[in-house]
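> Provide a 3D model corresponding to the input given below.
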Amino acid sequence: MRWHPKRQGGAAIITAMLVVTLAAIVVSGLFWRENVAVRSIENRLALSQSRWIERAAVDWAKVILRADQRAGAVDHLGEPWAVPVVDTRLDETVTAGAKLDEGARKAMLAGQIADAQALLNLNSLVGGNGTASEPHVAALRKLLSLVGRPESAADLVVDRVLQSAPRVLEGRVVPPQREPVLRLADLLDIPGVDLVTIKALEPFVTVLPRATTININTAPPEVIAAAIPTMELSGARRFVARRERTFYRTLGDVSADIEGQPVLSPQMLAVGSSYFIVTGVIRYDRVESQSETLLERGSDRVEVVWQLRR
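Numbers count the residues shown, from 1 in each chain. All right, here's what the predicted structure looks like:
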């Protein structure tokens, strides 16, 4: 059987079209993979630049806190460190000259420094001898009552914190029975302490590396009312309203400005702080990075204790 010339021409055209189609598929696949690789490199560059900005922001926070320390030992909400940084556009100088493309978004930074000692510290529940600190335990019970949760949860929390603290037994140091409590969510492994209780305590309770006092210049009304046995929440709110117009240099000044002039314990309350939380959001091109950093301010430097990224 002979092939007609027209049929042979048609087959050649179809074959050529198939070859062209396969070539187009291969080339488009190569272009797609190249585009994915370029995007991946761009994202890594953007992430690297956002980390660079993050480190610069933490260093800035350290400088602010060191300068504040030189100005005095009192910390209050009227100082520069307490002023939040709203969405701020950063130029290419801040991003080390990196520019992904003409359509890339500018780098944006927002953040705030907060006083970590404005809250009740769970590690203050244990005294230096490895036993419970009754004033702090009483403060936790009162705080639980103020937020509408059962006071009995305080005993459960104290037992858990005691288990993670070393004890002195018959003249020798006994190692902790359990791992330390590092964050409030670690209390969820305690039978009888539920998520509702944790969420209720979250705005008023923190976990710091060591026992600390509460800064009455920055603490919210609930924490102040919990820390002062004779104070009602309504009185603490009136005190905070007055505090918005001033700050206190000594606990004596604080007592004189509180109804009834209660005696304030220097083991429970203070007018300065050593621990601060730096929260920040960085947007750079397609990358958005959120971080939380705990800083400890010592006598001669400010150090990073831990950092969380989301």
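> Strands along the chain, start to end?
Listed in chain order, the strands found in the chain under DSSP state E are 85-90, 107-115, 120-121, 167-169, 172-174, 205-206, 214-215, 269-270, 275-284, 287-297, 302-309.
> okay, these in TSV with mean neighbour count next?
Every C-beta, even on glycine, is put in place using the N, C-alpha and C of the backbone. As requested, the strands of the chain are exported to TSV (neighbours: other CB atoms under 10 Å):
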stretch	mean neighbour count
strand 85-90	12
strand 107-115	20
strand 120-121	22
strand 167-169	12
strand 172-174	9
strand 205-206	22
strand 214-215	25
strand 269-270	22
strand 275-284	22
strand 287-297	18
strand 302-309	13
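> How much space separates the nearest residue to L144 once chain neighbours are set aside from A226?
Excluding its sequence neighbours, the residue lying closest to L144 (CB to CB, 6 or more residues apart in numbering) is E151, at 5.1 Å. Distance, E151 to A226, using CB to CB, to the nearest Å: 11 Å.
> still on that earlier bit, any idea how many residues pack against the residue nearest to L144?
Neighbour count of E151, defined by other CB atoms under 10 Å: 13.
> got the contact list for E54?
280, 282, 289, 291 (CB atoms under 8 Å, 6 or more residues apart in numbering).
> Would you mind putting those into JSON lines with distance to A23 and pLDDT alongside?
Below are the contacts of E54 laid out as JSON lines (distance: CB to CB, whole Å; pLDDT from 0 to 100):
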{"residue": "G280", "distance to A23": "50", "pLDDT": "91"}
{"residue": "I282", "distance to A23": "44", "pLDDT": "86"}
{"residue": "S289", "distance to A23": "42", "pLDDT": "84"}
{"residue": "S291", "distance to A23": "48", "pLDDT": "92"}
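> For the closest residue to D159 other than its chain neighbours, give me the pLDDT.
Among residues not flanking D159 along the chain, I190 sits closest, at 8.0 Å (CB to CB, 6+ apart). Listed pLDDT for I190 reads 93.
> show me what contacts I190?
So I190 contacts 156-157, 159-160 (CB under 8 Å, 6+ apart).
> Is it possible to mark the buried ones in the residues you listed?
Among these, those classed as buried by neighbour count (16 or more other CB atoms under 10 Å) are 156-157, 160.
> what's the closest of the contacts of I190 to R89?
Top of the list for closeness to R89, among the contacts of I190 and by CB to CB, is V157 at 44.0 Å.
> Confirm for me that that closest one is in contact with L187.
Yes. Under the criterion of CB atoms under 8 Å, V157 makes contact with L187 at 6.1 Å.
> Quickly list what's touching both of the two.
By CB under 8 Å, 6+ apart, the residues touching both V157 and L187 are V193.
> Show me how the protein divides into domains.
For the chain, automatic domain parsing gives the domain ranges 8-118+274-309, 122-203+220-226+234-264.
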